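# Sequence first, then the predicted structure:
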Amino acid sequence: MIERLPLDEQLAAFKAALSRNGTLLEVLGRTATLDLPGWYVTGGCLFQTVWNTVTGRAPGHGIKDYDVFYFDDRDLSWEAEDRAIRVAEKVFGDVPAEVEVRNEARVHLWYEQKFGVVCAPHTSTEAAIDSFAATTCSLGVRLESDGRWRVYAPHGLSDVFGLVVRPNPVLAPRAVYEAKAAHWRRQWPELTVLDWPGTT
């Protein structure tokens, strides 16, 4: 059971699982050429690739898109973010998946309107990853200039390999967590979904 292995062995298994997803590797490699500050490939494309490995599915099963986060607070205008998005669209144009690039320094400007709760300005890409609705989602990977993988996993990897979805009630409302968890369970019925705190 990988979820019970020491962390260094889990990291090796994590990299091996992600390396089965050719689209993910392509996104990682191409994002590294964009020179986005503090970037990570993050979200579902990571933990869902692991779920697919653990459950014997094709590496890309159920993956809706590939999220690229970066953090640039020098210019919080939509126009600046849109320029980065347009450059990325050209770089990822022939990748057989949707790649969504977002500046996490701007999230507080639109989050309340979309989700109904106030979001304080993030201070880094890592802080944005920390605020995902489930701890299982809180993962980021990027390629450093020397080719090393930088892995950000503030809640570790045991739940990811153990197919456990655990709520992270720091920002996203309960309804967002429950909707995401229900969607994931339809795609991966093997998941164990833990209740939002205070529910029975």
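Arrived safely, thanks for sending.

# CA atoms for contacts and neighbours, from now on please.
OK.

# which helices and strands does the worst-scoring helix or strand of the chain on mean pLDDT pack with?
Sorted by mean pLDDT, DSSP states H and E, the helices and strands of the chain end with helix 111-115, the least confident at a mean of 90. The criterion is 3 or more Cα pairs under 8 Å, 6 or more residues apart in numbering; DSSP states H and E, and there are no helices or strands that helix 111-115 contacts.

# C-terminal to it, which secondary structure element comes first?
helix 125-130 (DSSP states H and E).

# Need the CA coordinates for that next one. CSV is fine.
Extracted in CSV, the C-alpha atoms of helix 125-130 (Å, rounded to 0.1, in the frame of the first residue of the first chain):
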residue,chain,number,x,y,z
THR,A,125,1.0,30.3,-5.7
GLU,A,126,1.5,27.9,-2.8
ALA,A,127,-1.0,29.9,-0.7
ALA,A,128,-3.6,29.5,-3.5
ILE,A,129,-3.0,25.7,-3.6
ASP,A,130,-3.4,25.6,0.1
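
# Can you give me the buried ones in that helix?
Of all the residues in helix 125-130, those buried under the rule 16 or more other Cα atoms under 10 Å are 125, 126, 128, 129, 130.

# Residues in contact with it: which ones?
Residues from elsewhere that reach helix 125-130, judged by Cα atoms under 8 Å, 6 or more residues apart in numbering: 38-40, 42, 69-71, 104-105, 122, 137-140, 152, 154.

# Off-centre distance for that helix?
10 Å (Cα atoms, centre = their mean, to the nearest Å).

# Centroid-nearest residue for the protein?
The residue lying closest to the centre of the chain (Cα atoms, centre = their mean) is residue 43, at 1.4 Å.

# Would you mind stating the distance between the residue nearest to that residue when sequence neighbours are not counted and residue 47?
Using Cα to Cα, 6 or more residues apart in numbering and skipping the chain neighbours, the partner closest in space to residue 43 is residue 137 (5.3 Å). Between residue 137 and residue 47 the computed distance is 7 Å (Cα to Cα, to the nearest Å).
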